[in-house]
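>>> Take this sequence and fold it.
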Amino acid sequence: MEALEEDARKKEEEKDGQKSRRKKEEFVRKRVDKEEIPGEESSSMRKIKEEEQVKEDRRRRREQKKKRKELSSKQEEDGSDYDETSQKVRKAPEEQSGSPDSSRKQAISDFSSSVSRGLVGELDVSESAKSRKRRERREKKKKERREHYEAPADEQQMFESIRNIMPREEKPFQQNRTDMSKSRPPISTAAASQQPLKGIAKSVYIGVCNFAKAEEQVEKRSDFRVYHQLAHRPLLDDLEQELPLIVVYKTANGSFRHYPIRRRKVGASSYFYVDYGDPKVQAHASLDHLVRYYQINAQRHPNNRQYADQFPWWEVHL
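Got it, this is the predicted structure:
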């Protein structure tokens, strides 16, 4: 029994081995079919494609050669046609006129006509430029006249209506006016002058303006400027309006003060001083002396020594 079982086991093992061998052979066969045979086919296809490409290149070269030949032949034909037409053009004037001189005359006449046209065009351009310049000059003159007539009223008032600040000589026909002036007090506000201030006073004079514009001209502390004050409400009957001469002063602490310059007449001479409230104020023989004096001299505050003012307004209130 054991021998029979062993024989049966051996047969089954042999069958199993045969099955496994068959499976391996089939697997190998399938692999060869998938890998080796397509590889051979791809190499053959590659060769066929290369041959077709070579043939295509040859065909293209032949077509290019044909095109070059056709172009060269066309150029030769065009050159021959051009020579024939040029010969015909040269012969045509001679056949029409019967002599080469007529063709020369015609060419000269054409050239002269073109030159005359160019000269006429240049003349037209030059005439238009001249007319434009004349128009510009006229407009410029009109503009200057308009600006001259439309000058600002302030400037005209500054240069035309300002009278002399210094005392004037009395004329014989003005006796009535002198009598009236005697009745007035000797202290008066300095009048404006027709001519601008001269000398040192001119360096601080800023013209005719109001309070705000005068303060804008003074930037530094302990500095001053002189100006003629504009009238706020001028009267119609004031034919000769006197503009007061004012000192605008920026104090050491930054505030602004406006003091009138007054004139005191002593005998035949006049003295000028700044009326800022001090009864013992210094008087000066001219405006130049007054300006120079306050540019050099300054007084310190008795309580606060840091402040130094040319017009010590605080002395009046101590």
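
>>> Can you report how many residues neighbour residue 290?
Neighbourhood size, residue 290 [other CB atoms under 10 Å]: 22. Where you see a C-beta, it was placed from the backbone N, CA and C, and this is true even at glycine.

>>> Leaving out sequence neighbours, find the closest residue to it.
Closest residue to residue 290 apart from its sequence neighbours, by CB to CB, 6 or more residues apart in numbering: residue 284 at 4.1 Å.

>>> any idea how far residue 309 is from that neighbour?
Per CB to CB, to the nearest Å, residue 284 is found 18 Å from residue 309.

>>> just residue 226 next, same as before
In terms of CB to CB, residue 226 sits 17 Å off from residue 309.

>>> if we can go back for a sec, higher neighbour count, residue 284 and residue 309?
residue 309 (22 against 18).

>>> In this structure the more buried one contacts residue 252, no?
Yes. Taking CB atoms under 8 Å as the definition, residue 309 is a contact partner of residue 252 at 5.5 Å.

>>> which residues do the two both contact?
222, 301 (CB atoms under 8 Å, 6 or more residues apart in numbering).

>>> Quick one: list the elements packing against whichever strand in the chain runs longest.
The residue-count maximum for a strand in the chain (DSSP state E) belongs to strand 256-266. Other helices and strands packing on strand 256-266, by 3 or more CB pairs under 8 Å, 6 or more residues apart in numbering; DSSP states H and E, are strand 187-189, helix 211-216, strand 245-250, strand 269-274.

>>> do that again at 10 Å, thanks
strand 187-189, helix 211-216, strand 223-229, strand 245-250, strand 269-274, helix 287-296 (3 or more CB pairs under 10 Å, 6 or more residues apart in numbering; DSSP states H and E).

>>> okay, the angle between the fifth one and strand 256-266?
Computed by axes from the mean of the first three to the mean of the last three CA atoms, to 10 degrees, the angle separating strand 269-274 from strand 256-266 equals 160 degrees.

>>> Report the buried residues of strand 269-274.
Of the residues in strand 269-274, 270-274 count as buried by neighbour count, 16 or more other CB atoms under 10 Å.

>>> That one versus strand 223-229: what angle between them?
Angle between the axes of strand 269-274 and strand 223-229 is 120 degrees (criterion: the same axes, to 10 degrees).

>>> What number of residues are in the vicinity of residue 53?
Residues near residue 53, counting by other CB under 10 Å: 10.

>>> in the stretch 1-150 of the chain, which spans are strands?
With strands called from DSSP state E, counting those that start in this stretch, the stretch 1-150 of the chain shows none.

>>> quick one: the helices in it?
2-97, 100-149 (DSSP state H, counting those that start in this stretch).

>>> Residue 225 is in contact with residue 218, correct?
Yes. Contact status for residue 218 versus residue 225: in contact at 5.4 Å, counting by CB atoms under 10 Å.

>>> still on that earlier bit, confidence score at the residue nearest to residue 290?
pLDDT for residue 284: 92.

>>> Next, find the distance separating it from residue 227.
Counting by CB to CB, the gap from residue 284 to residue 227 is 18 Å.

>>> same deal with residue 272?
15 Å.

>>> One more: residue 59?
105 Å.

>>> more neighbours, the two?
Set residue 59 next to residue 227 and count neighbours by other CB under 10 Å: residue 227 wins out with 24 against 10.

>>> Who does the more buried one form a beta bridge with?
On the basis of DSSP bridges, residue 227 is bridged to residue 246.

>>> my guess is it meets residue 201, correct?
No. If you go by CB under 10 Å, residue 227 and residue 201 don't touch, sitting 11.5 Å apart.

>>> low pLDDT regions in the stretch 51-200 of the chain?
Applying pLDDT under 70 to the stretch 51-200 of the chain flags the ranges 79-127, 148-198.

>>> Could you chop the chain up by domain?
110-150, 178-317 (automatic domain parsing).

>>> With adjacent residues omitted, what lies nearest to residue 283?
In space, residue 283 is closest to residue 271, 4.0 Å off (CB to CB, 6+ apart).
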